[in-house]
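Asker: quick one, fold the following:
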Amino acid sequence: MTDAFFMGDTRIYVRDISNSASLGSTFWDAGHPFWRPLGWLISRLDHRGNPAITLLSINWEVGLVNVLIVYALSSKFSERAWVPYFVAVLFLFANPILNYVQSGQPYMTGLMFLLLGFYLLVREVVEPRHPWRTAIICGVCLACGVCTWIPYVFSLPAIGLFPLIYAGYDSHRLNLVVRTCLVCAFVGALVYISMALHLGLHSIGEVKTWVATASHGDLPDTPLKAIQRMLFTLGRSVINMGDDGRLFKRYAVHDPFNPVTIFDLMRLSLWKLAFFYLFLLAILFNLVFSKSGKKTLVLLSLTAIPFLAFAVFVFEAGSIERYLPIFPVAVVALSVSLGRKESRQWTKVLALVFIAVVIISNVGATSKVVLNKQQERVEKRLGELQPFLKIPNRIVTVNEQDELYAFNQNFLFNPINQTGQEIDNLVTPHSVQILRWRQIFAEKTLAMWASGGDVWVTKRVLASRPQAQWNWVEGDDPTVLWSDINHYFAQFDMGQQTASEDGFVKVADTPSNRMRFQSIIQEKKGQQDSPH
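Answerer: A predicted model of the protein is given here:
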């Protein structure tokens, strides 16, 4: 019934796995070092296997395991039989879970390791059996979770200290915590030191540069804007709100081209955001008024406070997967809040209504019927260009929010995307690229012409103002305005174009265009070389 509405970097992982005969240096990404090697190793077991199917299959199976572990984990904390079912279903239908479990991204596999380590640790506290064996297995699982996606490191304090905070201090639990932490630290250090040695990194500066590449050039927002984005995206990490995140940004930055009022937000999905925070307050309300609930609040704070601070000041706060490190402790919080006999009746009614809204909203957003219509719409737009293309070519959209760019990411098995055709974007707001976008376009265009290819750009760059459906937010990144893009392309000679108004136009390979591009490259280089 459903499919992923956002595949993220799946195609990049598939490309790297497909093009590698061995585990080369490009595999060792500081952000998720285990993911490409895992996909590569499993795909090599079946030489005829498709790496895309391999990555999707891993997450499909991991998704089932995650739901079962969540149910088992919730059962350890709930006194009511229905609550573990509620928590498991809410987990399954949560926005990032329902999406990424059907993608080739590493998030679900890393989360499985965390949940498994957490469950085994909880079981050892409730029913002590084999403390040494449990510590070793838990430590390895937690380290594997972080090595699959490094932001899961924020989950470790609450999980690692759970035996002492929730069950209370004694020497056996202290030994369990210490052993688990030591094993986790040892495995994690072994993995990252091995990678650094393999990559030939011999100084702290080289290691920092390597780790910095995991951010993919993303720059953090200003604290105020990051908090606004975080408050909205935290809600989206559970319930899908469609494209209303873009409307929220337009409202926050006072977009002059496509203004949005508070009444527009209320009319659309602001009620979902309000409902999410009402549900969150209800859960916290129950936790405050019980002894076990207060202990759970401490665990929740150990994860949420450092992570949210990191999201505001360092990390990019606008992606739904960013909040997955909170999920393991959130499972415990939901189970304790709703599963205790002293839980307020009205909070249970609210929870049942909330889960119904989540299921309806998220299934609607990931429905194959909806996604197929989107695919057909974009396929028609891109299909108009196909008769004009020669190999090689470069097709450029304004930004990553153009449906055409997402088509290349999200519909891996569409015949058009099987040709190896690459679609690039002109600007990436809030990235290190944004200051050099003019030079980058000039350099890539000259390089494409040198190889005998063509460069096509969307006709949108020639419009004096962006239309609302183009997904441009004026002021989201003040470094680049729509007028900058329009004026940039107004200086070039344009060639052949497609018939539709929202089609494409070829950047003409003329002597005057070549001179302009060379001038742009030299001008930027001169600014960088200037001592001022």
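Asker: going by C-alpha atoms from here, please, whenever you check contacts or count neighbours.
Answerer: Will do.
Asker: which one is the spatially most central residue of the chain nearest to, not counting chain neighbours?
Answerer: Centroid check for the chain by Cα atoms, centre = their mean gives E321 as the closest residue, at 4.3 Å. Ranked by Cα to Cα, 6 or more residues apart in numbering and with sequence neighbours excluded, the top spatial neighbour of E321 is P96, at 5.9 Å.
Asker: next, the contact list for the one you found, please.
Answerer: Contact analysis of P96 by Cα atoms under 8 Å, 6 or more residues apart in numbering lists S237, V238, I320, E321, L324.
Asker: again, but for I204
Answerer: Neighbour list for I204: empty [criterion: Cα under 8 Å, 6+ apart].
Asker: ok, now V62?
Answerer: With contact set as Cα under 8 Å, 6+ apart, V62 has these partners: V101, M108, T109, M112.
Asker: how far away is it from L116?
Answerer: 11 Å (Cα to Cα, to the nearest Å).
Asker: T261 reaches R250, doesn't it?
Answerer: No - with contact defined as Cα atoms under 8 Å, T261 does not count as touching R250 (9.0 Å).
Asker: higher neighbour count, the two?
Answerer: Taking other Cα atoms under 10 Å, T261 and R250 do not tie; R250 has more neighbours (22 against 14).
Asker: the more buried one: what's it in contact with?
Answerer: Listed by Cα under 8 Å, 6+ apart, the contact set of R250 reads N258, P259, V260, V473, E474, D476.
Asker: which secondary structure state does G495 sit in?
Answerer: Secondary structure for G495, judged by DSSP: H, G, I helix; E, B strand; the rest coil, is strand.
Asker: OK, contacts around it?
Answerer: V505, K506, V507, A508.
Asker: pLDDT at it, what is it?
Answerer: G495 carries a pLDDT value of 94.
Asker: what of D529?
Answerer: D529 carries a pLDDT value of 50.
Asker: repeat that for S269.
Answerer: 69.
Asker: cool, and the one 4 residues further on?
Answerer: L273 is assigned a pLDDT of 90 by the prediction.
Asker: hang on, it in a helix?
Answerer: Yes - membership of L273 in a helix is supported by three-state DSSP.
Asker: nearest residue to it other than its sequence neighbours?
Answerer: Closest residue to L273 apart from its sequence neighbours, by Cα to Cα, 6+ apart: G235 at 5.8 Å.
Asker: what about that neighbour, how many residues nearby?
Answerer: 21.
Asker: number the chain from 27, please
Answerer: Got it, first residue is 27 now, which makes that one G261.
Asker: ok, it - contacts?
Answerer: Taking Cα under 8 Å, 6+ apart as the contact definition, G261 lies against L299, F302, Y303.
Asker: ok, so of the residues you listed, who is nearest Y514?
Answerer: The closest of the contacts of G261 to Y514 turns out to be L299 (Cα to Cα; 38.8 Å).
Asker: count of neighbours near that closest one?
Answerer: By the criterion of other Cα under 10 Å, L299 has 21 neighbours.
Asker: re earlier: buried subset of the contacts of G521?
Answerer: Neighbour counting over the contacts of G521 (16 or more other Cα atoms under 10 Å) leaves V531, K532, V533, A534 as the buried ones.
Asker: if I look at the first one, how far off is Y431?
Answerer: Right, the one you point to is V531. Taking Cα to Cα, one finds V531 at 16 Å from Y431.
Asker: tell me how this protein divides into domains.
Answerer: If you go by automatic domain parsing, the domain ranges for the chain are 36-392, 403-555.
Asker: and the ones you listed, which is most packed in?
Answerer: Using mean count of other Cα atoms under 10 Å, the stretch among those with the largest mean neighbour count is domain 36-392, at a mean of 19.
Asker: ok so, going back, how about the secondary structure of the residue nearest to E347?
Answerer: P122 is classified as helix under three-state DSSP.
Asker: quick check, pLDDT for D244.
Answerer: 60.
Asker: doesn't I547 belong to a strand?
Answerer: No - I547: not assigned to a strand; according to three-state DSSP it is helix.
Asker: was I right to think it contacts A468?
Answerer: Yes - applying Cα under 8 Å as the test, I547 and A468 come out as touching, 6.8 Å apart.
Asker: touching the one helix or strand N398 maps to from outside, list them.
Answerer: According to DSSP states H and E, N398 maps onto helix 394-409. Applying Cα under 8 Å, 6+ apart, the contact partners of helix 394-409 are M27, T28, D29, F31, G390, E429, L430, F433, F437, D528, G529.
Asker: can you tell me which of the residues you listed are in helices?
Answerer: G390, E429, L430, F433 (DSSP state H).
Asker: now do the same contact list for the third one.
Answerer: So the one you mean is L430. L430 neighbours (Cα under 8 Å, 6+ apart): V404, L408, T423, I449.
Asker: from these, which is closest to P77?
Answerer: Minimum distance to P77 across those is 20.6 Å, recorded for I449 (Cα to Cα).
Asker: excluding covalently adjacent residues, which one is nearest to that closest one?
Answerer: Closest to I449 by Cα to Cα, 6+ apart is I421, at 5.0 Å.
Asker: equivalent analysis for D196, please.
Answerer: Of all residues not flanking D196 in the chain, L190 sits nearest, at 7.7 Å (Cα to Cα, 6+ apart).
Asker: please, which helix or strand holds that neighbour?
Answerer: helix 182-192.
Asker: ok, and what's touching that helix?
Answerer: With Cα under 8 Å, 6+ apart, helix 182-192 has contacts from 144, 147-148, 151, 168, 195-196, 199-200, 203, 206-207, 318, 321-322, 324-326, 328-329, 355.
Asker: now do the strands in the protein.
Answerer: Per DSSP state E, the chain carries strands over the ranges 419-423, 449-451, 480-484, 520-523, 530-533.
Asker: as JSON lines, the ones you listed with distance to T80 would be great.
Answerer: Shown next, in JSON lines, are those (distance: least, Cα to Cα, whole Å):
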{"stretch": "strand 419-423", "distance to T80": "29"}
{"stretch": "strand 449-451", "distance to T80": "24"}
{"stretch": "strand 480-484", "distance to T80": "33"}
{"stretch": "strand 520-523", "distance to T80": "39"}
{"stretch": "strand 530-533", "distance to T80": "35"}
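Asker: nearest to N539, of the ones you listed?
Answerer: When these are compared by Cα to Cα, strand 530-533 sits nearest N539, at 8.4 Å.
Asker: shaky segments in the stretch 27-176 of the chain?
Answerer: For the stretch 27-176 of the chain, the stretches flagged by pLDDT under 70 are 47-53, 73-74.
Asker: please, where are all the helices along it?
Answerer: 36-44, 61-71, 77-101, 108-119, 121-126, 133-152, 157-174 (DSSP state H, counting those that start in this stretch).
Asker: which one of those helices lies closest to F518?
Answerer: Closest approach to F518 among the helices of the stretch 27-176 of the chain (Cα to Cα): helix 36-44, 31.9 Å.
Asker: can I get the helices of the stretch 27-176 of the chain in JSON lines including distance to V453?
Answerer: What follows is these, written out as JSON lines (distance: least, Cα to Cα, whole Å):
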{"stretch": "helix 36-44", "distance to V453": "19"}
{"stretch": "helix 61-71", "distance to V453": "27"}
{"stretch": "helix 77-101", "distance to V453": "28"}
{"stretch": "helix 108-119", "distance to V453": "33"}
{"stretch": "helix 121-126", "distance to V453": "26"}
{"stretch": "helix 133-152", "distance to V453": "26"}
{"stretch": "helix 157-174", "distance to V453": "29"}
